[in-house]
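Engineer: Sequence and predicted structure below; questions after.
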Amino acid sequence: MSRHSSSALGAAGKAYASGVELGSSHLTNSVNEMVGEDTVVFNGRSYSNAHDQRRLVSAVDDDDASATRKGYGSVSTIAQVVTVLLVSLIIAMLFTLIGVSSATYDEVKNYSPTTTVTTAYASLGLPGYEGYSWEDVLGAASGGTVNWYTYSDNNGTSLGPYNKWIDTWLIPNLAENFAITLVRHPISNTGDAVDKIINEINAGYGMNNGSVDMIWINGENFYKMKSGGYAYGPWATKVPNAVNYDFQSDAIKYDFGTTTNGYEMPYNGAQVVFIYDSAKVNASAISDMDSLLAWVKANPNQFTYATPRFMDDSGTDFDNDYTGSVFIRHVFYNTVPDYTKFMGTSVNEALYDQYAPTFYKTLRDLQPYLYNASSLAAERKGYPTSQGEVDDLFTSGKISVTLSYDIGHAAYMIEAGQWPSTTRSIVLTSGTIANTNFVLIPANAKNKLSAVVAGNYIASAQAMFSRAQPEVIGALQVYDPTCTNFVSGGWNDAFAYIDQPAATPSTSELSKYRMSELSSAYINRIQNDWYTCVLTYDAATVPSYCG
């Protein structure tokens with residue numbers, strides 16, 4: 001999976017983590033002369049691939065090189081001394097520009113923060129801490145604990161990639177660099193944490209005594225937190241690593257139609273990919289939504305989706321699986337002529353009623369062909385309760401097509417040995433839905449400043465780069481490629497050089513077929529009506545919009 005040796009990155013990573021300041025070097029000319037030779041030896045390393053040699057040229061400057069070509073003799077003693085003095089600088093630069101694709105989990109997790117604080121002694125203007133500079137925040141946060149309620153992506157007893165990143169990268173780095181203890185609280189439904197916060201505030205526990213310090217969140221849950229006054233902020237636009245993002249871009253400015261206004265910090269980007277076993281399915285057969293629906297009907301029991309909404313007999317709402325929900329929205333997008341007409345903060349009833357009957361009938365017509373369709377008479381009508389259950393069906397070979405909000409999910413599952421190497425992901429040519437997920441600090445968080453520091457570190461280039469590694473998570477990052485830190489700091493080159501697994505669609509494909517999310521108002525309506533118009537459909541009692 002890597003283009004370069006991990007030992008080269010290991011040395012470079014250690015140099016980079018030591019905080020070496022990169023200066024200007026003048027090494028391009030002498031290295032450039034050697035490109036095309038069988039082997040270029042530079043600072044004790046051999047570069048035998050012409051592509052790697054060109055990357056080496058791009059990593060250095062003009063004419064102060066100490067390098068030899070294999071078979072052309074050794075460098076002078078003086079040049080060797082110069083090389084020794086410059087080696088740490090060159091290694092750091094090599095890491096930034098040519099070694100990044102060989103990053104392994106163990107090497108990436110050892111990075112240390114190198115963010116330059118530009119707000120050194122200035123007040124950040126954080127609500128409730130208006131006079132605090134970043135140094136004041138760090139001092140107050142030191143020794144604190146952050147209780148992070150985050151969706152659990154575990155597969156049985158095995159840590160999922162996000163949980164593993166938190167436990168083995170984020171937690172030790174926060175402890176070592178900021179003396180902050182982060183405690184991960186796994187939850188299966190983000191709404192449970194939101195309800196916990198609201199209940200504590202309404203019960204009068206106080207605005208600085210809550211049990212939740214940070215949540216992984218987006219969509220309806222963010223709308224509920226922000227609109228109800230339960231979110232702390234604005235803070236995300238005021239901390240040092242805010243410079244890594246364009247908070248005015250649509251991907252960050254809006255969270256399912258709700259303006260973020262600095263109340264949450266970007267965590268990862270997400271875009272739906274459809275996953276299939278290429279040994280069983282031809283990609284051309286499921287290339288867009290029309291062909292996918294036709295394939296499902298032609299291949300019964302080979303596809304299913306998790307329950308977008310389910311209520312028990314008492315009316316308790318649970319098991320609202322977000323991946324199942326996004327699947328039915330893809331069908332909705334395919335039904336309406338222009339999905340962007342459904343972005344308002346309230347539902348346009350006349351417009352909705354025009355297309356809803358066809359949409360829900362399409363989903364009902366699909367039911368007999370889904371996996372376990374024989375249990376349609378059962379209470380749950382055979383729908384899995386979570387995407388985890390759907391993944392298990394794919395793992396066991398019972399279904400051949402599924403989907404994920406995570407573009408790197410298939411690659412990770414292959415790497416983990418759970419899915420066959422023939423697994424592939426595609427972006428439908430009819431488009432797939434994309435969004436950004438965030439971290440939010442509740443208004444009643446007990447450890448607000450410790451959570452601010454943790455959120456700022458999650459937004460660091462080092463943290464983003466580690467999450468982007470295919471063998472770690474392979475998650476999309478929504479950084480601003482034009483920001484100074486990414487341009488002059490070399491991070492654009494670093495991200496561009498990460499290996500793209502065969503199971504993951506290219507960045508250009510993802511961009512070409514990206515569709516925005518609907519507003520929370522429409523998402524909630526579609527989920528609620530799915531329960532009535534599909535799961536519990538009764539032709540004698542359903543509203544006319546069910547079809």
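Structural biologist: Done, it's in. Every value quoted in this text rests on a predicted model; they were computed, and no experiment measured them.
Engineer: hang on, residue 186 is in a strand, isn't it?
Structural biologist: Yes - per DSSP: H, G, I helix; E, B strand; the rest coil, residue 186 lies within a strand segment.
Engineer: Report the contact partners of the closest residue to it other than its chain neighbours.
Structural biologist: Leaving aside its sequence neighbours, residue 186 sits nearest to residue 152 (Cβ to Cβ, 6 or more residues apart in numbering; 3.3 Å). All C-beta atoms are positioned from the backbone trio N, CA, C, and that covers glycine. Neighbouring residues of residue 152 by Cβ atoms under 8 Å, 6 or more residues apart in numbering: 160, 163, 186-188.
Engineer: Going by neighbour count, which of these comes out on top?
Structural biologist: residue 160 (21 neighbours; other Cβ atoms under 10 Å).
Engineer: how near is it to residue 468?
Structural biologist: With distances taken as Cβ to Cβ, to the nearest Å, residue 160 is found 17 Å from residue 468.
Engineer: Report the residue spans of the stretch 101-250 of the chain with pLDDT below the cut-off.
Structural biologist: Under the criterion pLDDT under 70, the flagged ranges of the stretch 101-250 of the chain are 101-121, 155-157.
Engineer: Show me where it has its helices.
Structural biologist: Along the stretch 101-250 of the chain, counting by DSSP state H, counting those that start in this stretch, helices occupy 105-108, 134-141, 161-165, 171-178, 190-202, 220-227, 250-253.
Engineer: which one of the contacts of residue 152 sits closest to residue 126?
Structural biologist: Nearest to residue 126 among the contacts of residue 152 is residue 187, at 26.7 Å by Cβ to Cβ.
Engineer: Residue 149 is in contact with that closest one, correct?
Structural biologist: Yes - judged on Cβ atoms under 8 Å, residue 187 makes contact with residue 149 at a distance of 5.5 Å.
Engineer: residues shared between the contacts of these two?
Structural biologist: Between them, residue 187 and residue 149 share the contacting residues residue 193, judged by Cβ under 8 Å, 6+ apart.
Engineer: So what's the residue count around the closest residue to residue 443 other than its chain neighbours?
Structural biologist: Spatial nearest neighbour of residue 443, chain neighbours left out: residue 232 (4.8 Å); criterion: Cβ to Cβ, 6+ apart. If you count neighbours by other Cβ under 10 Å, residue 232 ends up with 24.
Engineer: Contact partners for residue 232?
Structural biologist: 127, 263, 440-443, 445, 448.
Engineer: cool, and residue 128?
Structural biologist: If you count contacts by Cβ under 8 Å, 6+ apart, residue 128 has them with residue 448.
Engineer: Let's see that with 10 Å instead.
Structural biologist: 207-208, 232, 235, 443, 448-449 (Cβ atoms under 10 Å, 6 or more residues apart in numbering).
Engineer: So which of these is the closest to residue 309?
Structural biologist: Among the contacts of residue 128, residue 443 lies closest to residue 309 (Cβ to Cβ), at 27.9 Å.
Engineer: I'd like the distance between the closest one and residue 209.
Structural biologist: From residue 443 to residue 209 the distance is 11 Å (Cβ to Cβ).
Engineer: Common neighbours of those two, please.
Structural biologist: residue 201.
Engineer: which element is residue 276 on?
Structural biologist: strand 273-277 (DSSP states H and E).
Engineer: ok so, going back, and the furthest pair within the contacts of residue 232?
Structural biologist: The most widely separated members of these are 127 and 440, with 13.8 Å between them, by Cβ to Cβ.
Engineer: Return every residue with contacts to both of these two.
Structural biologist: In contact with both residue 127 and residue 440: 232-233, 235, using Cβ under 10 Å, 6+ apart.
Engineer: Dump these to JSON lines, plus distance to residue 329.
Structural biologist: Shown next, in JSON lines, are those (distance: Cβ to Cβ, whole Å):
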{"residue": "232", "distance to residue 329": "30"}
{"residue": "233", "distance to residue 329": "28"}
{"residue": "235", "distance to residue 329": "31"}
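Engineer: In strands, which of these fall?
Structural biologist: Among the shared contacts of residue 127 and residue 440, no residue falls in strands (DSSP state E).
Engineer: Pick out the residue nearest the middle of the protein.
Structural biologist: residue 268 (3.0 Å; Cα atoms, centre = their mean).
Engineer: That residue falls within a helix, correct?
Structural biologist: No - per three-state DSSP, residue 268 lies outside any helix segment and is strand.
Engineer: hang on, it packs against residue 472?
Structural biologist: No - under the criterion of Cβ atoms under 10 Å, residue 268 makes no contact with residue 472, lying 11.7 Å away.
Engineer: list residues touching both of those two?
Structural biologist: In contact with both residue 268 and residue 472: 162, 408, using Cβ under 10 Å, 6+ apart.
Engineer: Let me see the ranges of the helices in the stretch 351-500 of the chain.
Structural biologist: 387-395, 409-415, 448-458, 461-468, 484-487, 491-496.
Engineer: Deepest-packed of those helices, please.
Structural biologist: helix 448-458 (a mean of 26; mean count of other Cβ atoms under 10 Å).
Engineer: Distance check, residue 545 against residue 182.
Structural biologist: 46 Å.
Engineer: Revised request: answer the last question for residue 227.
Structural biologist: Taken as Cβ to Cβ, the span from residue 227 to residue 182 is 28 Å.
Engineer: more crowded one of the two?
Structural biologist: Neighbour totals were compared for residue 227 and residue 182, and residue 182 leads with 24 against 11 (other Cβ under 10 Å).
Engineer: pretty sure residue 294 contacts residue 286?
Structural biologist: Yes - look at residue 294 against residue 286 with Cβ under 10 Å: they come within range, at 8.9 Å.
Engineer: higher neighbour count, these two?
Structural biologist: Set residue 294 next to residue 286 and count neighbours by other Cβ under 10 Å: residue 286 wins out with 22 against 13.
Engineer: Next one: the more buried one, what pLDDT does it get?
Structural biologist: Residue 286 is assigned a pLDDT of 98 by the prediction.
Engineer: how about the closest residue in space to it that isn't next to it in sequence, what does it touch?
Structural biologist: When the adjacent residues along the chain are set aside, residue 286 lies closest to residue 292, with 4.5 Å between them (Cβ to Cβ, 6+ apart). Residues near residue 292 by Cβ under 10 Å, 6+ apart: 274, 276, 285-286, 303, 327, 330-331, 334, 401, 403, 426, 428, 430.
Engineer: do the same with residue 281
Structural biologist: 275, 295, 299, 302-303, 400-401, 422, 424.
Engineer: if I look at the nearest residue in space to residue 504 that is not next to it in sequence, how far off is residue 225?
Structural biologist: Distance criterion Cβ to Cβ, 6+ apart; nearest residue to residue 504, sequence neighbours excluded, is residue 411 at 5.1 Å. In this structure, residue 411 and residue 225 are 32 Å apart, going by Cβ to Cβ.
Engineer: try residue 284
Structural biologist: 43 Å.
Engineer: the more surrounded of the two?
Structural biologist: A direct count of neighbours by other Cβ under 10 Å for residue 284 and residue 225 places residue 225 higher, at 26 against 8.
Engineer: which strand residues sit across from the nearest residue to the more buried one once chain neighbours are set aside in the sheet?
Structural biologist: Distance criterion Cβ to Cβ, 6+ apart; nearest residue to residue 225, sequence neighbours excluded, is residue 231 at 4.4 Å. In this structure, residue 231 bridges to residue 442 when assessed by DSSP bridges.
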